[in-house]
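[1] sharing a model that was predicted from the sequence below.
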Amino acid sequence: MLYWRSTLGSLYTPIQRIPDMSEPDHTDRAEDASEPVGEQLELSMEVETSEDKPKRKRKGSRKAKERNGAKLGFEAQLWAAADKLRSNMDAAEYKHVVLGLIFLKYISDAFEEKHTELLAEQHLGARPESPDEYLAENIFWVPKAARWSYIRDNAKSTGIGSKIDEAMDAIERDNPKLKNALPRNFGNTPARLGELIDLVTNIQLGDSENRSRDVLGRVYEYFLSQFASAEGKKGGQFYTPQCIVRLLVEMLAPYEGRIFDPCCGSGGMFVQSEKFIEARGGRIDDIYVYGQESNRTTRRLAKMNLAIRRIENDLGAEEASSFDNDQHKDLKANYVIANPPFNDSDWGGERLRKDKRWVYGVPPTGNANFAWVQHFIHHLTPNGLAGFVLANGSMSSNTSSEGAIRQSIIEHDLVDCMVALPGQLFYSTQIPVCLWFLARNKHNGRFQDRRGQTLFIDARKLGRMTDRVHRELTEEDIQLIANTYHAWRGDRDAGEYTDVPGFCKAASLDEIKSHGYVLTPGRYVGAAPTEEDTEPFDEKFQRLNKELEYQFAESDRLKHVIRESLEKVRYGE
């Protein structure tokens with residue numbers, strides 16, 4: 001039991017393990033909001049810029065205890081140094097410069113390591129300048145003019161921007177998987193490009209293991225989050241906060257099969273799925289990811305992000321709207337994980353009134369929420385699972401046809417779990433959101449029979465503030481929510497589930513019907529129990545009154561001391 005100490009003295013009020021969440025649930029819509037290991041590391045970094053001389057060597061050792069966005073020291077140092085070199089360049093443009101260089105450094109490091117190995121094996125028939133030697137091991141072939149050593153040696157030349165553009169062209173030409181994935185226009189950037197190249201060059205990553213995809217992958221991921229924060233609302237177009245991604249992946253537990261995100265942003269859902277599998281001793285080859293993204297530059301971020309992790313993927317032939325130009329029309333996925341744009345009013349619904357995906361009702365043209373929901377269901381296998389983020393209004397709105405569509409989805413017994421989240425988790429909006437989890441078959445033998453049941457979790461009071469306007473879910477919060485869901489649905493070794501007033505409740509379809517098919521968790525979980533106060537009122541009143549009188553007297557004494565001190569300062573004593 002935790003306690004809070006009153007400012008009046010020794011009165012202690014108990015705080016329950018699960019906070020009271022009985023206040024009304026606010027289900028206003030998000031307005032115009034957009035989407036977006038644990039081992040010891042020994043790292044050192046040398047950074048030199050014209051504003052930061054002489055060279056400073058910083059060393060750090062820290063255990064990455066948290067997996068929901070824990071920031072290693074070198075990442076923050078690198079970001080601070082890179083941000084100084086931005087000059088007057090807008091963050092939305094600068095991110096492509098920085099992340100493009102990080103990606104170029106990564107593939108060049110991986111190439112050079114293999115190149116050195118092949119040079120030592122030439123007497124055995126190895127061919128260091130043959131692309132096939134590298135592609136056979138899933139390493140990108142890097143032409144000589146695109147290798148980091150060449151970029152580094154020309155960092156201070158007047159034409160370095162054009163040389164980087166040419167390097168990107170050459171890499172795409174020789175690596176079909178990266179076609180149309182890499183940024184350009186380095187030749188026109190106002191950023192201090194030469195110093196930025198020096199900065200990336202001087203990251204000392206130690207041995208070959210630390211030079212591999214994980215360390216630079218973390219840098220890439222950290223920079224994505226920082227750029228999303230810098231861009232504010234626009235940042236939500238390419239980045240979903242890592243704690244939300246982690247929670248979705250932890251709850252779905254995608255061990256194997258096809259994973260689909262039809263609004264994939266920069267690919268964070270796929271990256272976290274890979275981390276989940278590797279952390280549990282699985283094989284990344286057991287999953288294959290499919291995605292789609294309508295924004296060209298965001299799609300490039302995703303392609304680079306996945307390439308750094310060597311995650312095999314199919315993001316479709318081009319950037320396109322999932323509604324108008326579905327790049328995976330015949331795909332049936334084992335898992336759908338997504339954070340679609342909230343309440344999108346410009347989704348082209350008037351052109352799609354007779355679309356085959358609208359099995360549960362035609363979505364309103366002014367809001368795409370239930371178009372997304374039905375798009376997800378359409379792409380699930382008969383035993384598939386989906387987890388996604390939506391605005392809170394999706395749980396209760398009866399606008400246009402939304403209430404009828406939600407009712408139909410509920411009556412078809414597809415809703416597995418609903419999670420209400422706290423506000424301020426997103427860079428793009430401070431309002432609270434919710435997570436939906438759907439199951440095409442609640443009695444498929446993998447988990448216990450959940451037919452006719454839905455789990456509600458109210459997590460609105462969880463999380464911690466990371467700054468004045470942003471909140472994040474902690475590792476303990478993520479595990480609490482995920483473990484509750486796993487225990488309820490019957491995962492192996494997940495323990496026994498019980499309802500916890502104020503936090504979680506398993507409700508029947510009849511109960512949901514009695515609430516008008518509203519899916520707001522606060523309606524079902526009730527209020528957390530409060531501990532009975534056994535102290536008689538008269539005794540408590542007298543005790544607290546004495547404490548208050550003492551604190552008044554102490555306040556008067558302190559005011560007298562302060563006045564005396566000020567007088568001494570005034571007369572120079």
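    Structure's in. What do you need?
[2] how about L101: what's its closest non-neighbour residue?
    Excluding its sequence neighbours, the residue lying closest to L101 (Cβ to Cβ, 6 or more residues apart in numbering) is V200, at 5.2 Å. Backbone N, C-alpha and C define where each C-beta goes, glycine included.
[3] ok, the one you found - contacts?
    With contact taken as Cβ atoms under 8 Å, 6 or more residues apart in numbering, V200 is in contact with L101, I102, K105.
[4] and the helices in the stretch 251-400 of the chain?
    Secondary structure of the stretch 251-400 of the chain (DSSP state H, counting those that start in this stretch): helices located at 268-279, 296-309, 369-378.
[5] report the buried residues of the helix or strand G100 falls within.
    When secondary structure is defined by DSSP states H and E, G100 falls within helix 91-119. Within helix 91-119, the residues that qualify as buried are 91, 93-111, 114-115, 118, counting by 16 or more other Cβ atoms under 10 Å.
[6] with distance to R471 and mean pLDDT added, can I get the helices of the stretch 251-400 of the chain in TSV?
    Supplementary listing: these in TSV, determined by distance: least, Cβ to Cβ, whole Å; pLDDT from 0 to 100:
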stretch	distance to R471	mean pLDDT
helix 268-279	18	86
helix 296-309	24	84
helix 369-378	23	98
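[7] I'd like to know which of the ones you listed is closest to T399.
    When these are compared by Cβ to Cβ, helix 369-378 sits nearest T399, at 9.9 Å.
[8] contacts for that closest one, please.
    Helix 369-378 has contacts (Cβ under 8 Å, 6+ apart) with 262-263, 322-323, 336, 338, 340, 342-344, 347, 349, 352, 356-361, 363-364, 386, 388, 390-391, 393-394, 397, 401-402, 405-406, 409, 414, 436, 438, 440.
[9] just the buried ones from the residues you listed, in PyMOL syntax?
    Paste this into PyMOL to select the buried members of the contacts of helix 369-378, with burial taken from 16+ other Cβ under 10 Å:
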select buried, resi 262+263+322+323+336+338+340+342+343+344+347+349+352+357+358+360+361+363+364+386+388+390+391+393+394+397+401+402+405+406+409+414+436+438+440
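[10] where strands are concerned, which of the contacts of helix 369-378 count?
    Among the contacts of helix 369-378, the members falling in strands are V336, A338, A386, F388, L390, A391, W436, L438 (criterion: DSSP state E).
[11] can you redo the residues you listed as CSV with pLDDT and distance to P501?
    Formatted as CSV, the entries for the ones in strands among the contacts of helix 369-378 read as follows, by pLDDT from 0 to 100; distance: Cβ to Cβ, whole Å:
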residue, pLDDT, distance to P501
V336, 97, 32
A338, 95, 32
A386, 98, 28
F388, 97, 27
L390, 95, 26
A391, 92, 27
W436, 98, 23
L438, 98, 26
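[12] got the phi/psi numbers for the spatially most central residue of the chain?
    Computing the C-alpha centroid of the chain and ranking residues by Cα atoms, centre = their mean puts Q242 first, at 2.4 Å. Backbone geometry at Q242, expressed as degrees, to the nearest 10, gives phi -60, psi -30.
[13] that one touches Y222, doesn't it?
    No. The pair Q242 / Y222 is not scored as a contact, 9.5 Å apart, by Cβ atoms under 8 Å.
[14] what residues does the next helix-or-strand element following the helix holding G100 touch?
    From helix 91-119 onward toward the C-terminus, using DSSP H and E, the following helix or strand is helix 131-135. Residues outside helix 131-135 that contact it (Cβ under 8 Å, 6+ apart): F111, K114, L118, A126, R127, F140, W141, D174.
[15] returning to that earlier point: mind putting the contacts of V200 in TSV, pLDDT included?
    Shown next, in TSV, are the contacts of V200 (pLDDT from 0 to 100):
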residue	pLDDT
L101	88
I102	82
K105	87
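[16] which one of those is nearest to G516?
    I102 (50.4 Å).
[17] the helix holding G100 packs against which elements?
    With contacts defined as 3 or more Cβ pairs under 8 Å, 6 or more residues apart in numbering; DSSP states H and E, the secondary structure elements packing on helix 91-119 are helix 131-135, helix 148-153, helix 160-174, helix 193-201, helix 213-231, helix 296-309.
[18] buried stuff in the second one?
    When you say that, I think you mean helix 148-153. Of the residues in helix 148-153, those scored as buried under the neighbour-count criterion (16+ other Cβ under 10 Å) are W148, I151, R152.
[19] L480: neighbour count?
    Other residues near L480 number 19, with proximity taken as other Cβ atoms under 10 Å.
[20] could you do A82 as well?
    Counted with other Cβ under 10 Å, the neighbours of A82 add up to 24.
[21] gap between the closest residue to it other than its chain neighbours and R460?
    Using Cβ to Cβ, 6+ apart and skipping the chain neighbours, the partner closest in space to A82 is V98 (5.5 Å). Taken as Cβ to Cβ, to the nearest Å, the spacing of V98 relative to R460 amounts to 36 Å.
[22] if I look at the nearest residue to S162 once chain neighbours are set aside, how far off is N339?
    Nearest residue to S162, sequence neighbours excluded (Cβ to Cβ, 6+ apart): G187, at 4.3 Å. The span separating G187 from N339 equals 34 Å under the rule Cβ to Cβ.
[23] same check, this time on Y517
    In this structure, Y517 and N339 are separated by 24 Å, where distance is defined by Cβ to Cβ.
[24] okay, those two: which has more neighbours?
    Counting neighbours by other Cβ under 10 Å for Y517 and for N339 shows that N339 has the greater number, 29 against 20.
[25] what's near enough to touch the more buried one?
    The neighbours of N339, taking Cβ under 8 Å, 6+ apart as the test, are E35, P36, T240, I244, V245, C263, G265, M269, F388, V389.
[26] wait, which of those residues is closest to G490?
    Within the contacts of N339, the smallest distance to G490 is 22.2 Å, found for F388 (Cβ to Cβ).
[27] no further questions, thank you.
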